[in-house]
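Undergrad: quick one, what's the 3D model for this:
(4 chains)
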There are 2 protein chains.
Amino acid sequence: MATDAPTKRERTLARLIETGLELFERQGYDETTVAQIARTAGVTEMTFFRHFPSKESLLLDDPYDPLLVAAIGRQPIDLPPFLRAVRGIREAWRAVPDPDQPMIRRRVRIAATTPSLRGATWRSTGNTEHAIVGRLVADGASDHDARIAASAVLAALVAGLFAWAEDETAGLATSIERALDVVDVECVVHEADAAEPAEARDA
Amino acid sequence: MATDAPTKRERTLARLIETGLELFERQGYDETTVAQIARTAGVTEMTFFRHFPSKESLLLDDPYDPLLVAAIGRQPIDLPPFLRAVRGIREAWRAVPDPDQPMIRRRVRIAATTPSLRGATWRSTGNTEHAIVGRLVADGASDHDARIAASAVLAALVAGLFAWAEDETAGLATSIERALDVVDVECVVHEADAAEPAEARDA
DNA sequence: CCCCGAATGTTAGTGACTAACATTCTGGCA
DNA sequence: TGCCAGAATGTTAGTCACTAACATTCGGGG
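TA: All right, here's what the predicted structure looks like:
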């Protein structure tokens, strides 16, 4: 894999990420300069941009796309695209390995508490969105519907991640699931008027 | 109102908007410099920033929030928050005045075709999102649910606007409605059987 | 007509990011 | 082991969005 003998590039990159996160946490994202991160990590500003295309990208490089897409593909094909996406994401995030969670939390928390990063977070979902659209279309959805479904689901997911990051006591899987419930309305409402629609909410 | 005797500030602002849009359309957003817009409009770069807080904001200042919020408030209170938001927005956009549409289209089209603006577009919905959350919470939804519902709806709306901007033949209200149908899954799935909900798909 | 404040201009600076070119360092191969 | 190609880094100089502080002009109401 990559666990033996980290090459020089990898070591510099790890150092940049670590110092970057630390500085962001200590003094805020906007108040932290790329030059400062670089200097603290013992390199040049130029070197920073050789490892990351932008300041933002230090925070939000996520490699989970393939799992999402696969899980969506596994949902019943006769479901509306939006619900397939919702449930696929639900299933995929259930499987996120525990050890990754602290690091994810650090990153998400910074993004969630930095207004100027809200937009960036959204843009960074571009790749994921594209992947989801591809899957949905391949399974028969129209391009139009797929794009809207993907956007909406990812928005719910991101909002759920933000909520999770702010709540120390919450587990990742549970938080995501609660978020997707808000949007996965079908069964709640009509699968019989039995059982009051949206009760038993939080405090 | 404001239709009589446009003050100097208003005239400069109108000139900046017009030249800005023109330049964006002719040579692209990223290729257009704030200095160039200002110069073409006969003012200084500094003056530009006295009228807009950022380059982006020339494109995406929209004043429709209050109508949205009001329409959402009008939805049945026993509906899940997400569906209230979806249907409120549907209702509100039905009422957008025709004369505004060409200008909206110009703006949305530029945003839709400029990758670097995707994030900005999303961030610009921040105010709207906040307003929607406020309405939903005031009507009894939890903060958590309201935030997720608002994010998801707005994502669907923006995706719908993008689709509309790219399709010359589509009407605004219809496009929005088709977009919200993707996400307003309840009736499609269960209310079904009665009157096909979202027919007349694209080519 | 004059004057106060709004609108604009000027200058100077910061920070993210890029391009072109020079230097050092590393890892694999002879 | 020693050497060398190429990777990794440094240097310099520049562009563009955006801000701050201060000077100037212009417009409309008294």
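
Undergrad: packing partners of the longest helix along chain A?
TA: Longest helix in chain A by number of residues (criterion: DSSP state H): helix A:143-166. Secondary-structure packing of helix A:143-166 (3 or more C-beta pairs under 8 Å, 6 or more residues apart in numbering or on different chains; DSSP states H and E): helix A:81-94, helix A:101-112, helix A:115-124, helix A:126-138, helix A:172-183, helix B:143-166, helix B:172-183. For glycine as for every other residue, the C-beta is placed from the backbone atoms N, C-alpha and C.

Undergrad: flag every buried residue along it.
TA: Neighbour-count burial for helix A:143-166, counted by 16 or more other C-beta atoms under 10 Å in any protein chain shown, picks out A:144-165.

Undergrad: among the helices and strands packed on helix A:143-166, which is nearest residue B:55?
TA: With respect to residue B:55, and counting by C-beta to C-beta, the nearest of the helices and strands packed on helix A:143-166 is helix A:115-124 at 13.4 Å.

Undergrad: list the buried ones in the closest one?
TA: When neighbours are counted by 16+ other C-beta under 10 Å, the buried residues of helix A:115-124 are found to be A:117-124.

Undergrad: check stretch A:167-181 too.
TA: For stretch A:167-181, burial by neighbour count (16+ other C-beta under 10 Å) applies to A:172-173, A:175-181.

Undergrad: do stretch A:60-70 as well
TA: Taking 16+ other C-beta under 10 Å as the neighbour-count basis, stretch A:60-70 is seen to contain the buried residues A:60, A:65, A:67-69.

Undergrad: what's the answer for stretch A:100-107, then?
TA: Neighbour counts over stretch A:100-107 (16+ other C-beta under 10 Å) mark A:104, A:106-107 as buried.

Undergrad: about what we covered before: mean pLDDT for the helices and strands packed on helix A:143-166: which is lowest?
TA: Of all the helices and strands packed on helix A:143-166, the minimum mean pLDDT falls on helix A:115-124 (a mean of 87).

Undergrad: that one and chain B in contact?
TA: Yes. Part of helix A:115-124 sits close enough to chain B to count as contact by C-beta under 8 Å from any C-beta of the partner chain, namely A:115, A:118-124.

Undergrad: next one: that helix to chain centre, how far?
TA: 11 Å (C-alpha atoms, centre = their mean, to the nearest Å).

Undergrad: for that helix, which helices and strands make contact with it?
TA: With contacts defined as 3+ C-beta pairs under 8 Å, 6+ apart, the secondary structure elements packing on helix A:115-124 are helix A:101-112, helix A:143-166, helix B:115-124.

Undergrad: taking the centroid of chain A, which residue is nearest it?
TA: When chain A is reduced to its mean C-alpha position, the closest residue under C-alpha atoms, centre = their mean turns out to be residue A:158, at 5.8 Å.

Undergrad: hmm, who's touching stretch A:34-47?
TA: The set of residues external to stretch A:34-47 that reach it, using C-beta atoms under 8 Å, 6 or more residues apart in numbering or on different chains, is A:12, A:15-16, A:19-20, A:23, A:48-49, A:55, A:58.
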